[in-house]
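A.B. asks: here is my input; please provide its structure:
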Amino acid sequence: MVLTRREVTAKTVKSATVAKTAEAAAPSRRAGTKAGRRGGARRGGLVRLALMAVPVTFFAVFFAYPVASIVGRGLAPDGAWRPGRIVDVLGRPDLLGVLWFTTWQALASTALTLLLALPGAYVFARFEFPGKRLLRAVVTVPFVLPTVVAGTAFLALLGRGGLLEQLWGVRLDTTVWAILLAHVFFNYAVVVRTVGGLWAQLDPRQEEAARMLGASRLAAWWRVTLPALGPAVAAAALMVFLFTFTSFGVVQILGGPAFATVEVEVYRQTAQLLDLSTAAVLTLVQFAAVGTILAVHAWTVRRREGALRLVDPALTARRPRGAGQWALLGGVLGSVALLLLLPLGVLVERSLKGPAGYGLASYRALASAEASGGTFLVPPLEAVANSLRYAVVATLIALVVGGLAAVALSRRAGRLVRGFDALLMLPLGVSAVTVGFGFLIALDEPPLDLRASWILVPLAQALVGVPFVVRTMLPVLRAVDTRLREAAAVLGASPLRAWREVDLPLVRRALLVAAGFAFAVSLGEFGATVFIARPDRPTLPVAVARLLGRPGELNYGQAMALSTVLMVVCAVALLALERIRDHHSGEF
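C.D. replies: Numbering: from 1, shown residues only. As a prediction, the model looks like this:
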């Protein structure tokens, strides 16, 4: 179609008019956009504060308040603060020895764990082999077991009458080697899941490209893969150091009177000597050390999240190739069998061994309160039902508190929210003994008079479950495309409906994984529960510790039987998690 000159002129004038109108409207449109952004940021800030309200209140009431109360009782027994007491306590040679041992054994445990677990992280990340999912669950079992059970397993392996003594006449209990090996047993999964989880998502083509440019296999790994893994290795090392620095049950059982960490000394000063002043100073020292560790850990996690281009782990795993890779796989499986499976196997064997030979005598004795020689007011078997009930309630609390915290943290924010993220991790490092004793001291007056209430135990267990919920759900929530929420809002959905229709279907699987971890960890909580569990309602870890503290072969057998029951429950829960877990879910 050919236009006349008049039509062309009319169209040109119309286009110019539209352009001028659009240009005139542009400033107001930009102003409206900026105002909309400011309004959106303001609404986002209010939503974030609303989401943080419940977690902040929970931690303030059930963590900060009890810890501050017991520290205050110790440093200001008559209402007057005595800061000079800190100098007096830290100047005692015996306590300086405790601090020195706590630090160097944590460093040695961390180095030994990294040395033995990094090859396992590579195998789980890069190799595909039969039984991998089952083995991954089994490797995680020691981490969620109570430390008192881990100590019990190594006591059966390395202690008097243990397998090592039967075979070679050697005992390692009450030696530092027993403590170090038990710490490797407990923390092996931290390295495998933290480092292996990232390693599985690194694109192998980057290392292959370096090799094509002439680099050797070792040089390519050193210059390409290791720098990418650096933040994950640092994060795993810091977490292992944190757990070993605050070790309680392992050192209590295997260390004997010769070795004590800060956590063990806090327990001794609090429960045995009633010296709250010394316990308070040690708690402050531990708190400062843990705060420093968590700050460095948060920095390494942020580096890991923002600096890498990740791929689907399903694209990086393959069957081993060549004799070297098969030998590596065999070596890792052998180390897992010796370090992890053998202690668990000895635990089962000791639960079946009785005065009359092998059988179920120890398990049958769990149904009778008289068989324990007055250790319990109820049959020890009731500890299983108590632990399950407490763990279910603790899991629900942890899901609510941790879920709200994870949603708040998934929204980009500044230092305030990052500080809140570090706060959520504090219960993993601050003395559980201090928290448990603080519950008894602080929560004894209305409206928080909970000392006689059953809810006190699930609240203490939820404190250690919340960090695992946050660490599991946060990567998934941050992976949700914000444009999906914006599209739902444009279509008229409220924020609650947008979350229900958009976020929940995407995070449902991670929510189940988080629930499983919180449940398993709650089952194994010991440090705080040992103070607040009622005699007629013991939990599994408390029952195991009490049975081990009583003489007699039958009490020992019952402790092994209860430990085996707890191990089986945790293994079943973790195996179920591996079946529903996807690669977006966080590790720890």
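A.B. asks: could you use CA atoms for every contact and neighbour count after this?
C.D. replies: Will do.
A.B. asks: can you list the low-confidence ranges for the stretch 1-150 of the chain?
C.D. replies: The model of the stretch 1-150 of the chain has pLDDT under 70 over residues 1-48, 77-80, 82-83.
A.B. asks: helices of that one, start to end?
C.D. replies: 5-59, 65-75, 84-90, 93-126, 132-144, 147-158 (DSSP state H, counting those that start in this stretch).
A.B. asks: for the shortest one, the distance to its chain's centre please.
C.D. replies: The one in question is helix 84-90. 33 Å (Cα atoms, centre = their mean, to the nearest Å).
A.B. asks: how about the last one?
C.D. replies: The gap between the average C-alpha position of helix 147-158 and the chain average comes to 21 Å, counting by Cα atoms, centre = their mean.
A.B. asks: cool, stretch 425-432 as well?
C.D. replies: On Cα atoms, centre = their mean, the centre of stretch 425-432 falls 10 Å from that of its chain.
A.B. asks: residues making contact with that stretch?
C.D. replies: Stretch 425-432 has contacts (Cα atoms under 8 Å, 6 or more residues apart in numbering) with 63, 242-243, 246, 263, 283, 286-287, 290-291, 294, 463-464, 467, 527-528.
A.B. asks: one more pass at 6 Å, please.
C.D. replies: Stretch 425-432 is contacted from outside by 287, 290, 464, 467, 527, 528, using Cα atoms under 6 Å, 6 or more residues apart in numbering.
A.B. asks: also stretch 183-200?
C.D. replies: Residues outside stretch 183-200 that contact it (Cα under 6 Å, 6+ apart): 113, 117, 121, 125, 139-140, 142-143, 232-233, 236, 313, 339-340, 587.
A.B. asks: and it, average pLDDT?
C.D. replies: In this model, stretch 183-200 has a mean pLDDT of 85.
A.B. asks: just stretch 517-536 next, same as before
C.D. replies: The model assigns stretch 517-536 a mean pLDDT of 82.
A.B. asks: show me what counts as buried in it.
C.D. replies: Of all the residues in stretch 517-536, those buried under the rule 16 or more other Cα atoms under 10 Å are 517-533.
A.B. asks: now the end-to-end length of that stretch.
C.D. replies: 27 Å (Cα to Cα, to the nearest Å).
A.B. asks: any idea how far residue 441 is from residue 53?
C.D. replies: Look at residue 441 and residue 53: by Cα to Cα, they are 25 Å apart.
A.B. asks: sorry, wrong one. I was asking about residue 487.
C.D. replies: Residue 487 sits at a distance of 27 Å from residue 53 (criterion: Cα to Cα).
A.B. asks: same deal with residue 397?
C.D. replies: 15 Å.
A.B. asks: list buried residues within the contacts of stretch 183-200.
C.D. replies: Among these, those classed as buried by 16+ other Cα under 10 Å are 113, 117, 121, 125, 139-140, 142-143, 232-233, 236, 313, 339-340, 587.
A.B. asks: now the helices for the stretch 251-400 of the chain?
C.D. replies: Under DSSP H, counting those that start in this stretch, the stretch 251-400 of the chain gives helices at 262-267, 276-306, 322-336, 342-352, 361-365, 382-410.
A.B. asks: just the ones you listed: most buried one?
C.D. replies: helix 262-267 (a mean of 25; mean count of other Cα atoms under 10 Å).
A.B. asks: tell me the average confidence for it?
C.D. replies: On average, the pLDDT along helix 262-267 is 86.
A.B. asks: and the contacts of that helix?
C.D. replies: 246, 248, 279.
A.B. asks: just those now: which is nearest residue 563?
C.D. replies: residue 248 (17.1 Å; Cα to Cα).
A.B. asks: so residue 547 touches residue 553, yeah?
C.D. replies: No: assessed by Cα atoms under 6 Å, residue 547 is found out of contact with residue 553, at 10.2 Å.
A.B. asks: who has more neighbours out of the two?
C.D. replies: residue 547 (24 against 14; other Cα atoms under 10 Å).
A.B. asks: roughly how far does that one sit from residue 282?
C.D. replies: From residue 547 to residue 282 the distance is 29 Å (Cα to Cα).
A.B. asks: same deal with residue 261?
C.D. replies: Distance of residue 261 to residue 282, given as Cα to Cα: 10 Å.
A.B. asks: and what of residue 272?
C.D. replies: 15 Å.
A.B. asks: with residue 249 instead?
C.D. replies: For residue 249 relative to residue 282 (Cα to Cα), the value is 18 Å.
A.B. asks: over to residue 236?
C.D. replies: 25 Å.
A.B. asks: got the contact list for residue 174?
C.D. replies: Residue 174 sits in contact with 254, 255, 256, where contact means Cα under 6 Å, 6+ apart.
A.B. asks: what about it? Give its phi and psi, please.
C.D. replies: Torsion angles at residue 174 (phi, psi; degrees, to the nearest 10) stand at phi 60, psi 20.
A.B. asks: could you tell me which residues within stretch 172-188 count as buried?
C.D. replies: With burial defined by 16+ other Cα under 10 Å, the residues of stretch 172-188 counted as buried are 172-188.
A.B. asks: which stretches of the stretch 251-400 of the chain have low pLDDT?
C.D. replies: Ranges of the stretch 251-400 of the chain meeting pLDDT under 70: 297-298, 300-315, 371-376.
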